[in-house]
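> Build me a model from this:
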Amino acid sequence: MAKSKVLVVGGTGYIGSRIVKASLAQGHETYVLQRPEIGLDMDKLQILLSFKKHGAHLIEGSFSDHRSLVDAVKKVDVVICTMSGVHFRSHNILLQLKLVDAIKEAGNVKRFLPSEFGIDPSRMRDALEPGNVTFVEKMRVRKAIEEAKIPFTYVSANCFAGYFVGNLSQLGTLIPPKDKVYLYGDGNVKVAFLDEDDIATYTIKTIDDPRMLNKTLYLRPPENILTQRQIVEKWEKLTNKELQKFTISAQDFLASMKGMDFAGQVGVGHFYHVFYDGCLTNFEIGKDGEEASELYPEVQYTRMDTYLKLYQ
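I've put the predicted structure just below:
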């Protein structure tokens, strides 16, 4: 069976760049949307040119030019949107809805993967404010997709290792603490952690897989379902150094939102649901979803003790 042609929207981003590389690595003819809004951003331009060097096609298109989006979509079979979370706030939600409109008009797309890659928004209807806006707006995109009868796959990638493992899940830093670590509650809530390259690999595997049509892919590989305390212990074992541990109660953690800006409050709310509620692992997947490592056992996903070695 011929491999699908893939268009990645948001390909210069944190996850998007990995999606492009995974698509190329798995043999797909890969297109990357090159938006004129890039302006004088040399870093993004260099990323785009590196994709071109490795065989990707750059195709111009703008969210302010509906026809350009339709023309770009018509060149492919699969569209993957990887715009960062900032696009799920305020009026920026309209960008992805414009993409949905273009896919609907083009009429040729056999699979659309919208920009999610985190917590499954369908399970977060009672999320705390103001962080619930993230999930409300993602569900708004889902509603538009399903009303347009666009074939889809949703990807729930849970916690990116770069943001949650290297720093032992500490807020305000991306590197491991040297002397002390803060634990959320007792630190024993189960969380799913993923290497970002593995997220991209699993994502691309779904696009030609009929088992994932109109379903959600949950990335919960069993050896990466760990507690925060276990992540800390793995780091202590690697460094042969015990960290001083402090616990933060749920009440005190939520109280820390006072005085924060909007983005900070959203982040704290999401942390709360992950590390206190256990929202990533406290449910059975069910018939509308599949677990990635069960579906694709051939993928040798990165374990978190291996990932942590990067930070030694």
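> What is the neighbour count of the closest residue to Ser256 other than its chain neighbours?
With CB to CB, 6 or more residues apart in numbering as the criterion, Ser256 has its nearest non-adjacent residue at 6.2 Å, and that residue is Val268. Bear in mind the C-beta positions are built from the backbone N, C-alpha and C, glycine included. The tally of other residues near Val268 (other CB atoms under 10 Å) stands at 19.
> Name the helix or strand for Val268, please.
helix 262-272 (DSSP states H and E).
> helices or strands next to that helix in the packing?
Under the contact criterion of 3 or more CB pairs under 8 Å, 6 or more residues apart in numbering; DSSP states H and E, helix 262-272 touches helix 132-147, helix 250-255.
> pLDDT (mean, whole number) over the last one?
Think helix 250-255. On average, the pLDDT along helix 250-255 is 97.
> what residues does that helix touch?
Leu128, Tyr184, Gly185, Val268, Phe271, Tyr272, Tyr276 (CB atoms under 8 Å, 6 or more residues apart in numbering).
> where does this structure have low pLDDT?
85-92 (pLDDT under 70).
> Tell me which helix or strand Lys258 sits in.
Lys258 belongs to no helix or strand, assigned by DSSP H and E.
> Just the strands from the stretch 151-300 of the chain, written as ranges.
Remark: strands assigned in the stretch 151-300 of the chain by DSSP state E, counting those that start in this stretch are 153-156, 159-160, 180-184, 190-194, 215-218, 225-227, 244-248, 289-291.
> would you turn those strands into a markdown table with distance to Met257 and mean neighbour count?
What follows is the strands of the stretch 151-300 of the chain, written out as a markdown table (distance: least, CB to CB, whole Å; neighbours: other CB atoms under 10 Å):
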| stretch | distance to Met257 | mean neighbour count |
| --- | --- | --- |
| strand 153-156 | 25 | 24 |
| strand 159-160 | 20 | 20 |
| strand 180-184 | 14 | 19 |
| strand 190-194 | 20 | 23 |
| strand 215-218 | 28 | 23 |
| strand 225-227 | 23 | 19 |
| strand 244-248 | 13 | 12 |
| strand 289-291 | 31 | 17 |
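> okay, those strands in a markdown table with distance to Pro36 next?
Listed next are the strands of the stretch 151-300 of the chain as a markdown table, based on distance: least, CB to CB, whole Å:
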| stretch | distance to Pro36 |
| --- | --- |
| strand 153-156 | 28 |
| strand 159-160 | 29 |
| strand 180-184 | 43 |
| strand 190-194 | 33 |
| strand 215-218 | 32 |
| strand 225-227 | 43 |
| strand 244-248 | 46 |
| strand 289-291 | 37 |
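> Looking at those strands, which is nearest to Asp208?
Across the strands of the stretch 151-300 of the chain, Asp208 has its closest neighbour in strand 153-156 (10.6 Å, CB to CB).
> hang on, the earlier thing: highest neighbour count among the contacts of helix 250-255?
Tyr184 (23 neighbours).
> isn't Ala22 right next to Asp198, touching?
No. Ala22 lies out of contact with Asp198 (CB atoms under 8 Å); the separation is 9.4 Å.
> Dump the contacts of helix 250-255 into CSV; add distance to Glu233 as well.
Shown next, in CSV, are these (distance: CB to CB, whole Å):
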residue, distance to Glu233
Leu128, 29
Tyr184, 15
Gly185, 16
Val268, 25
Phe271, 20
Tyr272, 23
Tyr276, 20
